[in-house]
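> Structure, please.
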Amino acid sequence: MSLANTLVADRYRVERLLARGGMADVYLATDERLDRKVAVKVIYPHLAENPSFRDRFIQEAKMAAKLSHPNLVNVFDQGTDGNTTFLVMEYVPGITLREALSHNGKLAPTRALTLFSEVLEGLAAAHRGGILHRDLKPENVLLADDGRIKLGDFGLARELDSNTNTGSLIGTIAYLSPELITRGYADARSDVYAAGILLFELITGEQPFKGSEAAHIAHQHTSAGVPAPSSVEASIPPLVDELVLWATAMAPEHRPANAGELLEVVRRVRADLKNGLGATAHLDLSHLPSLNTQATKVFSASDATQLIGDVSGAAAAASAVNPSSAATTVLGGFEGQPTEAINPSASATTVLGSFGEDAPMTPLEELAWKRSRRGKLLAILIAAAAMLSLGAGWWFGAGPGGLSAMPNLTGTSVASAQENLRPYAAHIVVQQEYSKTVSAGLITHTDPTSGSLFWRGSTITLFESKGPELRAVPSIEGLSVAQATSKLQAAGFLAGTTTQYFSSGAVGTVFSFLGSDGGPVPLGTKIPMLISLGPVPDVAGQSQTNAITALQNAGLKVSAVTSEYSDAQTIGMVIRADQTENPLPAGGKVVLVVSKGPTTVKMPAVKGETIAATKLALENLGLNVQVNTDQLQANWGLVKVKSVSVAAGTVVKRGTLVTISNK
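Presented below is the predicted three-dimensional model:
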């Protein structure tokens, strides 16, 4: 259910939906207290109801609010309003980096590194503040209309509950680091890995790993390693290749320690590119304390890698290229088969291990390995070995034949959800539940949750909304605010706003409330209450001056004074005070009504008086006078009245029609 045109926390006026994600909706709103546009992120109710998620969400929101940097989306406020858990952020008008890439395509390396540097500026500020991003991707990079580049959604990219480290992967699979996929563990280097994937996409126009299933992409992250960007776009300088491969090394210890360390090297790379050194320079990492000397080793073009391996018993040999040169010999076997070194007399560095359990290479070793012809052969053999060794086990386990990512079905109909799940051969169970935010007949959430991995053929529960649960609000009329609040909570409602008005009820008690007509109201609704200021002071029979003073002392304003006839009050005395609005608030306005005298009059003797004098006298008594004469009006001051329709001495109502005549 949309929150458009509602007021959140009595402060944020929601205008329209900006975006919808796997965990929350983001709305454009106006902060009515500070009169500025803000973005309000509203967490989905089924997540907000989880105490662990809610507590850690609040904790991380507070941490994010402490950050202040030109390249970060500022966090202004966080709170709950009934069942609504929300976060208020800086509103950045513009487009996302994803939209820019979709419209304009890849960027030149120099332009990409300029943009990338600003993203890293914000990420580095977060890392210094002890905050991880966990969901770095083009969708979370905002390109403002005024040229600013801002990174948003800090600390909110994963589900913060007990399942975080048990295989429930939250975030976009294309940017998840190997250690997050395999162990559920994340630190600053996991953000660095995602940043490296982002840079790869900026300069090539595509992601390094592709697949129709999340599990397939996850497998590539943990087994294949990110390829050099130049393998996709040949014009990319080797120096940029090295930068990407360093940031996306499979082993966390071979990556930059944090975004600040990566940013420092990116600045050097930009300078080298500007000086035309992109094809000849190499990454100089010797100044970084977090890396050992092995991680800074740079291979020359003459370095070679030799491989001998046996793939499941099938011989596969690679001939040595330039055997007299310095070489790295990889000794290892597939399926436990032994290998032996070629050209053992050559000067060599030996890396011992079996495939699938090798000690991870440093990024620059990976680069030299992947660029060499034998490195390419090794990649092919490793892929073949992986397929042969895992075979059907992977296909029916973590591969396309086994695990799948749960689609987001929230807000869809049951029929549509069942159709979307048809390819997964799942056993579907439908349960109904009440929901304040999702319309009846639509899906509120699923088990497993959106984005989680599940086995094909397993049971999936769809929770269908019955709409909000409706109940009659208990009567709270005549109760104090405290008493009314307690009674509402006991019935499943919440106390809403209280507004004071004049009424016949006792001061401080409820005299009206939402649902007072007995109609059903959604359970959990905040019930606004009208609280009595007591009755408007009774000023009847008082003089005009005294009445005005009494009303002003009660906090009211007299906006006007009128008069009318009254048998109850003598002329000049107050008849009543009329309210200009109902109910009447403190400081409201009233109109004072003063008596013009009684409503009846005794008919005077007017025969023999002139028509003009008689007419004036009767009208002053409040009578309606009609003249029956054949004389011009100019002569009424001379012509005498000879007959009157009402006899002298008769008591008549003011306004009575009296006819006078000179005939």
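
> Arg11 and Pro474: what is the separation?
Arg11 sits 29 Å away from Pro474 when distances are taken as Cβ to Cβ, to the nearest Å. To be clear about C-beta, it is placed using only N, CA and C from the backbone, and glycine gets the same treatment.

> does the closest residue in space to Pro585 that isn't next to it in sequence sit in a helix, a strand or a coil?
Distances taken as Cβ to Cβ, 6 or more residues apart in numbering place Tyr501 nearest to Pro585, at 5.4 Å, with adjacent residues excluded. The local conformation at Tyr501, judged by DSSP: H, G, I helix; E, B strand; the rest coil, is strand.

> I'd guessed Tyr501 sits against Leu533; true?
Yes. Here Tyr501 reaches Leu533: they are 6.2 Å apart, a contact under Cβ atoms under 8 Å.

> which residues are common contacts for the two?
Both Tyr501 and Leu533 are contacted by Ala586, under the criterion Cβ atoms under 8 Å, 6 or more residues apart in numbering.

> quick one, which of those two is more surrounded?
The neighbour comparison of Tyr501 against Leu533 (other Cβ atoms under 10 Å) goes to Leu533, with 22 against 18.

> show me the contacts for the more buried one.
Counting by Cβ under 8 Å, 6+ apart, Leu533 has contacts Gln500, Tyr501, Phe502, Ser503, Val507, Gly555, Ala586.

> Let's see that with 10 Å instead.
Neighbouring residues of Leu533 by Cβ atoms under 10 Å, 6 or more residues apart in numbering: 500-503, 505, 507-508, 511, 554-556, 583-586, 588.

> Roughly how far does it sit from Asn553?
13 Å.

> Equivalent analysis for Gly508, please.
For Gly508, the distance to Asn553 - Cβ to Cβ - is 19 Å.

> who's more crowded, the two?
Set side by side, Gly508 and Asn553 show more neighbours around Gly508, with 14 against 9, by other Cβ under 10 Å.

> now that one, nearest residue through space, not along the chain?
Nearest one to Gly508, counting by Cβ to Cβ, 6+ apart, is Ser480 at 6.0 Å.

> can you pull up the bridge partners for the one you found?
Thr509 (DSSP bridges).

> what's the burial count for it?
For Ser480, using other Cβ under 10 Å, the count is 14.

> try the one 10 residues further on
Close neighbours of Ala490, defined as other Cβ under 10 Å, add up to 9.

> Kindly report the same for Val510.
24.

> Below-threshold pLDDT in the protein: ranges please.
Across the chain, the ranges flagged by pLDDT under 70 are 1, 22, 60, 154-171, 278-282, 284-403.

> Domains of it: list them as residue ranges, please.
7-90, 94-287, 304-396, 406-465, 470-532, 544-595, 600-661 (automatic domain parsing).

> any idea which of these is most buried?
Burial of the domains of the chain is given as mean neighbour count (mean count of other Cβ atoms under 10 Å); domain 94-287 ranks first at a mean of 19.

> The residue nearest to Glu242 when sequence neighbours are not counted in helix, strand or coil?
Computed as Cβ to Cβ, 6+ apart, the closest residue to Glu242 that is not its neighbour in sequence is Leu283, at 4.7 Å. Here Leu283 is recorded as coil under three-state DSSP.

> show me where the stretch 1-150 of the chain has helices.
Assigned by DSSP state H, counting those that start in this stretch, the helices in the stretch 1-150 of the chain fall at 45-48, 51-65, 97-104, 109-128.

> With Leu623 as the reference, name the closest of those.
When those are compared by Cβ to Cβ, helix 45-48 sits nearest Leu623, at 72.5 Å.

> Would you mind writing the CA trace of that closest one as PDB?
The C-alpha trace of helix 45-48 is given here as PDB (Å, rounded to 0.1, in the frame of the first residue of the first chain):
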ATOM      1  CA  PRO A  45       6.700  -4.500   7.300                       C
ATOM      2  CA  HIS A  46       7.700  -8.100   7.400                       C
ATOM      3  CA  LEU A  47      11.300  -7.000   7.900                       C
ATOM      4  CA  ALA A  48      10.500  -4.200  10.400                       C
END
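
> What are the boundaries of the strands in the stretch 351-500 of the chain?
403-405, 427-433, 443-447, 453-455, 459-465, 470-472, 494-502 (DSSP state E, counting those that start in this stretch).

> which helices and strands does the fifth one pack with?
Applying 3 or more Cβ pairs under 10 Å, 6 or more residues apart in numbering; DSSP states H and E, we find strand 459-465 packed against helix 414-421, strand 427-433, strand 443-447.

> can you check the second one too?
In terms of contacts (3+ Cβ pairs under 10 Å, 6+ apart), strand 427-433 is packed against helix 414-421, strand 443-447, strand 459-465.

> right, so of those, which gets closest to Ala257?
strand 443-447 (38.1 Å).

> What pairs with the closest one, parallel or antiparallel?
Here, using DSSP bridges, strand 443-447 pairs with strand 459-465 (antiparallel).

> quick check: angle from the strand it pairs with to strand 427-433?
30 degrees (axes from the mean of the first three to the mean of the last three Cα atoms, to 10 degrees).

> oh, and call the first residue 58 from now on, that's how I've got it
Let's use 58 as the start, then, which means that last one is strand 516-522.

> now the angle from strand 516-522 to helix 471-478?
Using the same axes, to 10 degrees, strand 516-522 lies at 150 degrees relative to helix 471-478.

> Quick one: residues in contact with strand 516-522.
58, 103, 463, 466-471, 474-475, 478, 481, 483-505, 511.

> Output it as CSV, restricted to C-alpha atoms.
Provided in CSV are the C-alpha atoms of strand 516-522 (Å, rounded to 0.1, in the frame of the first residue of the first chain):
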residue,chain,number,x,y,z
THR,A,516,8.3,-25.9,-0.5
ILE,A,517,7.6,-22.2,-1.0
THR,A,518,5.0,-20.5,1.2
LEU,A,519,3.2,-17.5,-0.3
PHE,A,520,1.6,-15.2,2.3
GLU,A,521,-1.6,-13.7,0.8
SER,A,522,-3.0,-10.5,2.3
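
> re earlier: tabulate the strands of the stretch 408-557 of the chain (JSON lines), appending distance to Val145.
JSON lines is the format used below for the strands of the stretch 408-557 of the chain (distance: least, Cβ to Cβ, whole Å):
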{"stretch": "strand 460-462", "distance to Val145": "31"}
{"stretch": "strand 484-490", "distance to Val145": "29"}
{"stretch": "strand 500-504", "distance to Val145": "24"}
{"stretch": "strand 510-512", "distance to Val145": "33"}
{"stretch": "strand 516-522", "distance to Val145": "27"}
{"stretch": "strand 527-529", "distance to Val145": "31"}
{"stretch": "strand 551-559", "distance to Val145": "20"}
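
> Which of the helices of the stretch 58-207 of the chain sits closest to Thr582?
Comparing those by their distance to Thr582 (Cβ to Cβ), the top pick is helix 102-105, with 14.3 Å.

> other SSEs contacting the closest one?
When contacts are defined as 3+ Cβ pairs under 10 Å, 6+ apart, helix 102-105 packs onto helix 108-122, strand 141-147, strand 500-504.

> for those, which one sits closest to Gly576?
So among these, strand 141-147 is nearest, using Cβ to Cβ, at 23.3 Å.
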